[in-house]
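In: Build me a model:
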Amino acid sequence: MSCGWYAFNEQHRNFRFKGKVEKFISSTRAELFAILMAVYATPKGSRLCIFTDSQAAIDALSLASVNPRKARKKLKNWTILCAIEEIANAQSLILRLEKVKAHSGITYNEIADTLAKEGCHEPACTSNLQLLSSVNAIGCWNSELIEEPIRNFTKQMGKAKYSINTGRMEKNRTVLS
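Out: As a prediction, the model looks like this:
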């Protein structure tokens, strides 16, 4: 999966970004990563209006902003949400998100979609989320960050372990027969 954005400033100077998104892939995660990269790229003290076709990304950011820090860790993509908020605050950005209809011929949204498709061939987007002051602990498994609620991750790992063990038992029954 990949992400991309297209932007311009008051002087009509154009900016573009595209990149690959890895690990725990979802369309919402890709949209949030695009927003994070746009926030990274915006100069301090600016107004940033992001037009996105992802209502899920808008809802996730709204939900994160009204939840206390501890409750945010139960949200999916919580590290990206914290990063967006922390960087926007540190850079004194005025951030506004607006929903646009997907694939409806809106020029800049279509350009962003094209950039996102091209992003599959780019290096993976990464951010050092451990430097965030709002994140005091991040779970890891096999030296990989766990960027979803720990409880959900643990349940998924338990199900995977159970299905592997069940498969082994079936194989053993066949061999013993």
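In: only C-alpha atoms for contact and neighbour calcs from this point on.
Out: Will do.
In: OK, contacts around residue 85?
Out: residue 65 (Cα atoms under 8 Å, 6 or more residues apart in numbering).
In: mind checking how far it is from residue 36?
Out: To residue 36, residue 85 is 9 Å away according to Cα to Cα, to the nearest Å.
In: list the contacts for the residue lying closest to residue 113 once chain neighbours are set aside?
Out: Counting by Cα to Cα, 6 or more residues apart in numbering, the nearest residue to residue 113 once its immediate chain neighbours are dropped is residue 4, at 6.8 Å. Neighbour list for residue 4: 16-19, 34, 112-117, 119 [criterion: Cα under 8 Å, 6+ apart].
In: and if you look at residue 65?
Out: residue 85 are the contacts of residue 65 under Cα under 8 Å, 6+ apart.
In: what separates it from residue 9, distance-wise?
Out: Taking Cα to Cα, one finds residue 65 at 26 Å from residue 9.
In: Geometric centre of this protein: which residue is closest?
Out: Nearest to the mean C-alpha position of the chain, by Cα atoms, centre = their mean, lies residue 29 at 3.0 Å.
In: which other helices and strands contact the one helix or strand residue 29 maps to?
Out: Secondary-structure assignment from DSSP states H and E places residue 29 in helix 27-41. When contacts are defined as 3 or more Cα pairs under 8 Å, 6 or more residues apart in numbering; DSSP states H and E, helix 27-41 packs onto strand 2-8, strand 47-52, helix 55-66, helix 78-90.
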